[in-house]
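> give me a 3D structure for the following:
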Amino acid sequence: MNRMVQSLENRVFLSVTTATLATDDAAVTSAGVATKAALASIHAAEVSIHSTVLAEVKATQTKSQKTANAKLDAALTKADALAAIKIVAAQGTLIALAKANATFGVALGKMLLAHPTKTSVAKALTKEITALNTVIPAKELVLDTTVTNTLAAINAVYSEVAVEDPLAASEITTGEAGVATTTTAYTTTATTIQTAITQLTTDLASL
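A predicted model of the protein is given here:
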């Protein structure tokens, strides 16, 4: 059988159309939006625990604790701000790259559907699939590591607060549990970007 005919038959059999690719592209965008929202929840939880602990510390601290607690509050404020900056930067890079690469891959896929014998498009698509399968997971790992490390730095400051003012320990424990819950939710949500990318590359590879 002629290879061109066989290729076309395979494409029909797999039912990958321009609409399929558009759906894949939209899924990547939606996953990015959901991940951004999940990270915002983590930040909101951190802001909440900071406010609660600070209020407890101020209400229960002794004169001898004031100076130390003020330094810890400053350290916590700095750690919160740094975490927000680093996480926003990492998530922005991941989401932007995922969207840009997905959109470009979809455009190439549509071109190949329209011109199945154009080898230059096929080569470009193969290169883009490789990029989607390597660049995006690498950037997602950077974001995951950033979230883990920045939260660990914040929790280290909380541990110092708990030592300095034991009466705030229960609020810290409750707050950290809330952060852990939102972090778990983020981890689950973040995987949707890779899931969407995998579906897209699977469809593109079948063309």
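> how about the nearest residue to residue 187, chain neighbours excluded?
residue 144 (7.5 Å; C-beta to C-beta, 6 or more residues apart in numbering). Using the backbone N, CA and C atoms, a C-beta is placed for each residue, glycine as well.
> from memory that neighbour sits against residue 190, does it?
Yes - Residue 144 is within contact range of residue 190, at 6.8 Å (criterion: C-beta atoms under 8 Å).
> with neighbour numbers in mind, choose between these two.
residue 190 (21 against 16; other C-beta atoms under 10 Å).
> okay, and that one sits in which element?
helix 169-205 (DSSP states H and E).
> next, the buried residues of that helix.
Going by neighbour count (16 or more other C-beta atoms under 10 Å), the buried part of helix 169-205 is 169, 171-172, 175-176, 178-179, 182-183, 186, 189-190, 192-194, 196-197, 200-201, 203-204.
> show me the contacts for residue 174.
49, 52 (C-beta atoms under 8 Å, 6 or more residues apart in numbering).
> how close does it sit to residue 40?
21 Å (C-beta to C-beta, to the nearest Å).
> where does this structure dip in pLDDT?
Applying pLDDT under 70 to the chain picks out residues 1-14.
> so residue 16: helix, strand or coil?
coil (DSSP: H, G, I helix; E, B strand; the rest coil).
> and it, how far from residue 158?
50 Å.
> more crowded one of the two?
residue 158 (23 against 20).
> wait, that one sits on residue 172?
Yes - counting by C-beta under 8 Å, residue 172 is a contact partner of residue 158 at 4.8 Å.
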